[in-house]
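K.L.:
show me the folded form of this:
(2 chains)
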Amino acid sequence: MDSRYNIQRRGGGGSINSGRSIGGSPALTGAQSRRRKIPPRPADYKLQIIIIGSRGVGKTSLMERFTDDTFCEACKSTVGVDFKIKTVDLRGKKIRLQIWDTAGQERFNSITSAYYRGAKGIVLVYDITKQETFDDLPKWMKMIDKYASEDAELLLVGNKLDCETDRIITRQQGERFSSRISGMRFCEASAKDNFNVDEIFLKLVDDILSKMPLEVPSKALSNSILSLQPEPEVPPELPPPRMRCC
Amino acid sequence: MEDCGTISGDEGCADLSKLVSEDGKNAKSVLCQRCGSKVLCPGVAVLAEKELFLPSMRKKTGISQVEGTVDGDTLTAHWLVDDMYTFENVGFTKDVGKVKYLICADCEIGPIGWHCLDEKKSFYVALERVNHA
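P.N.:
Residues are numbered from 1 along each chain as shown, chains lettered A, B, ... in the order given. Below is the predicted model:
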């Protein structure tokens, strides 16, 4: 992987103890004070990405960094994650991804068309150890054909590469499936050991950027200009509140 | 477990001046306390005072939760941004009433912040629930 590809995950020292060094090490403080003079750089692009696939294929885990400890995530277990903003640096551009995980709404028709319509990138996931998740792919493709924008980038991901011994779907089967769909990329990944996970988003974003106008005048890269563009019709940035039982 | 959660709280308040630049913005990067994921770049958020209740970041263990009560803190010091795309990395929970809680995008610890669906241009991150570097 090219070193210019870099998903921004850790800022500064990045250590969980960095709270101790409030006030900072001399080096950090220096860097900070220099940085403060420079106006914060706005995002160059904002892209919506959705992750779809049958239940249990590991969609959610593709969105998060695998952590080995068993810390209780109260939030996660009780409420669930709606979407995430992640920042990627690619081709010298700062790209904000709004990533929607559709977990919990896996029945094909329950994912609203709004999710598909606004998406510039669609990650379709199956589990290499579960035949039925691979057999479901054509149904997911139907939904994509029906609702997604034609120029949305598609990436097929065979997940759970860490369970190689239980593999049922060969790499070739995945490749064959994706090769029949024009413009669809394919890769295998393991969210468990983070294999290919960062690359999935970088690949997708790279493809999306390739389709964008070659050189945008530098002024057009500011937030203010971006916000002058017509609002995307759907999905709304925050979907209307769903009915809840409690 | 206890090595990171409580530190930035008290120290953070005592050293508020170090965290806030002259123009009222965050002088430092805002990071996840647990995994270091970058939430905000320096200079993009303003310090805002607002009393917000955030459920506890730790699940109660051993004690069964009393129905209808949520363990948590009322916090007043927050970093406020008006556009969700200002964040470097952040996660939004599903709606809890009219609120979406903010969590770490990478390790999903949280809530670290608060967003009300009625205030479309206000996203709060509690100083006590993040690190600064």
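K.L.:
could you pull out the helices for chain B?
P.N.:
B:7-14, B:16-19 (DSSP state H).
K.L.:
lowest average confidence across these, which one?
P.N.:
Among the helices of chain B, helix B:7-14 carries the lowest mean pLDDT, at a mean of 46.
K.L.:
for B:Cys116, name its beta-bridge partners.
P.N.:
According to DSSP bridges, the residues that bridge with B:Cys116 are B:Val99.
K.L.:
for chain A, give me its nearest residue in chain B.
P.N.:
Here chain B gets closest to chain A at one residue, B:Lys38, 3.1 Å apart by C-beta to the nearest C-beta. Using the backbone N, CA and C atoms, a C-beta is placed for each residue, glycine as well.
K.L.:
is it true that B:Asp118 touches B:Val99?
P.N.:
No: assessed by C-beta atoms under 8 Å, B:Asp118 is found out of contact with B:Val99, at 9.4 Å.
K.L.:
between those two, who's got more neighbours?
P.N.:
Neighbours were counted for B:Asp118 and for B:Val99 using other C-beta atoms under 10 Å in any protein chain shown; B:Val99 has more, 17 against 8.
K.L.:
show me what contacts that one?
P.N.:
B:114-117 (C-beta atoms under 8 Å, 6 or more residues apart in numbering or on different chains).
K.L.:
longest helix of chain A?
P.N.:
Per DSSP H, chain A has its longest helix at helix A:197-210.
K.L.:
may I have that one as CSV, with CA atoms only?
P.N.:
The C-alpha coordinates for helix A:197-210 follow below in CSV (Å, rounded to 0.1, in the frame of the first residue of the first chain):
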residue,chain,number,x,y,z
VAL,A,197,-10.2,-2.9,6.2
ASP,A,198,-8.6,0.5,5.8
GLU,A,199,-7.9,-0.3,2.2
ILE,A,200,-11.5,-1.0,1.5
PHE,A,201,-12.4,2.6,2.2
LEU,A,202,-9.3,4.0,0.5
LYS,A,203,-9.9,2.0,-2.6
LEU,A,204,-13.5,3.0,-2.8
VAL,A,205,-12.7,6.7,-2.2
ASP,A,206,-9.9,6.5,-4.8
ASP,A,207,-12.3,5.2,-7.4
ILE,A,208,-14.9,7.9,-6.5
LEU,A,209,-12.3,10.6,-6.8
SER,A,210,-11.2,9.3,-10.2
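K.L.:
and it, what does it pack onto?
P.N.:
The contact analysis (3 or more C-beta pairs under 8 Å, 6 or more residues apart in numbering or on different chains; DSSP states H and E) places helix A:197-210 against strand A:6-7, strand A:45-53, strand A:81-90, strand A:93-101, strand A:121-127, strand A:153-159, strand A:184-188.
K.L.:
same thing but at 6 Å, please
P.N.:
Judged by 3 or more C-beta pairs under 6 Å, 6 or more residues apart in numbering or on different chains; DSSP states H and E, helix A:197-210 is in contact with strand A:153-159.
K.L.:
what pairs with the strand it packs on, parallel or antiparallel?
P.N.:
Within its sheet, and counting by DSSP bridges, strand A:153-159 is paired with strand A:121-127 (parallel), strand A:184-188 (parallel).
K.L.:
which among the contacts of B:Val99 end up buried?
P.N.:
Among those, those buried by neighbour count (16 or more other C-beta atoms under 10 Å in any protein chain shown) are B:114-115.
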